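**Student:** predicted model and sequence follow; I will ask about them next.
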Amino acid sequence: MRRRTGVAAAGVAVLAWGEWLNRRWSRTLVGDDEGDAEAVVVLGYRNPQATANLINRWRVRAGLRSRTDDSAHDTRVIFSGGTTSGGVSEAQLMADYARSVLQFDGTVLLEEESRTTWENVTYVIPLLEDVDRIKFASQPAHALKARAYLRRQRPDLAKKLVRADDYRPGEWLLVKPLLALYGLWTLRGLNTDERRSTPD
């Protein structure tokens with residue numbers, strides 16, 4: 001009985017760690033800039049099939065729910081990702097899913113040249129010049145990486161970064177510890193300043 005309790009406690013601790021780390025990443029390198037014009041950049045994931053895969057479908061949903069959805073805000077959704085092995089860009093697959101399945105009828109822009117996160121950021125910069133608020137939508141660690149890259153490439157635009165709705169308590173609960181481990185590995189190139197959380 002004691003052993004079973006210990007295993008259960010360890011499991012709860014692992015799940016709590018995954019929640020905490022993903023929440024922390026979602027709140028790092030963001031501010032609270034005001035403004036009416038915003039861009040939500042949805043970052044693509046490897047997609048060899050002819051329709052958006054599970055990861056890209058979730059990223060699209062996270063991107064669309066990240067919009068400030070009222071008439072006072074001018075929001076553009078930018079799908080970013082280059083050509084897949086099927087010949088269609090990740091950006092196009094995500095846009096198709098947003099329009100045909102989620103019935104999104106707002107402003108959509110495509111960035112279809114990038115192959116890496118660094119390139120995602122590089123190639124969307126011209127689409128971000130005139131907005132007041134910038135949100136990167138992806139898994140929290142990946143979105144943080146994009147924010148850090150924007151900070152390196154264009155510190156002036158990085159001042160416009162705000163939170164996307166990419167973290168929700170309990171969402172992907174069982175895989176969040178794995179996402180946290182993978183995130184720690186992918187973020188190993190960030191410096192201490194780039195890992196610093198914005199105070200709540």
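**Tutor:** Looks like it arrived, so ask away.
**Student:** please, where are all the helices along this protein?
**Tutor:** 2-26, 54-65, 90-100, 117-124, 140-153, 155-158, 176-186 (DSSP state H).
**Student:** in a markdown table, list these along with mean neighbour count, mean pLDDT and distance to residue 83.
**Tutor:** (C-beta placed from N, C-alpha, C; glycine too.) As requested, the helices of the chain are exported to a markdown table (neighbours: other Cβ atoms under 10 Å; pLDDT from 0 to 100; distance: least, Cβ to Cβ, whole Å):
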| stretch | mean neighbour count | mean pLDDT | distance to residue 83 |
| --- | --- | --- | --- |
| helix 2-26 | 14 | 82 | 29 |
| helix 54-65 | 20 | 96 | 14 |
| helix 90-100 | 21 | 97 | 8 |
| helix 117-124 | 21 | 98 | 12 |
| helix 140-153 | 23 | 97 | 20 |
| helix 155-158 | 13 | 96 | 26 |
| helix 176-186 | 17 | 88 | 23 |
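**Student:** among those helices, which is nearest residue 39?
**Tutor:** Checking these against residue 39 by Cβ to Cβ gives helix 117-124 as the closest, at 8.0 Å.
**Student:** pull the CA atoms of the closest one into PDB?
**Tutor:** Taking C-alpha atoms only, helix 117-124 is exported to PDB below (Å, rounded to 0.1, in the frame of the first residue of the first chain):
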ATOM      1  CA  THR A 117      12.100  28.100 -36.400                       C
ATOM      2  CA  TRP A 118      14.800  30.700 -37.000                       C
ATOM      3  CA  GLU A 119      13.500  31.000 -40.600                       C
ATOM      4  CA  ASN A 120       9.900  31.100 -39.400                       C
ATOM      5  CA  VAL A 121      10.800  34.200 -37.500                       C
ATOM      6  CA  THR A 122      13.000  35.700 -40.200                       C
ATOM      7  CA  TYR A 123      10.400  35.400 -42.900                       C
ATOM      8  CA  VAL A 124       7.400  36.600 -40.900                       C
END
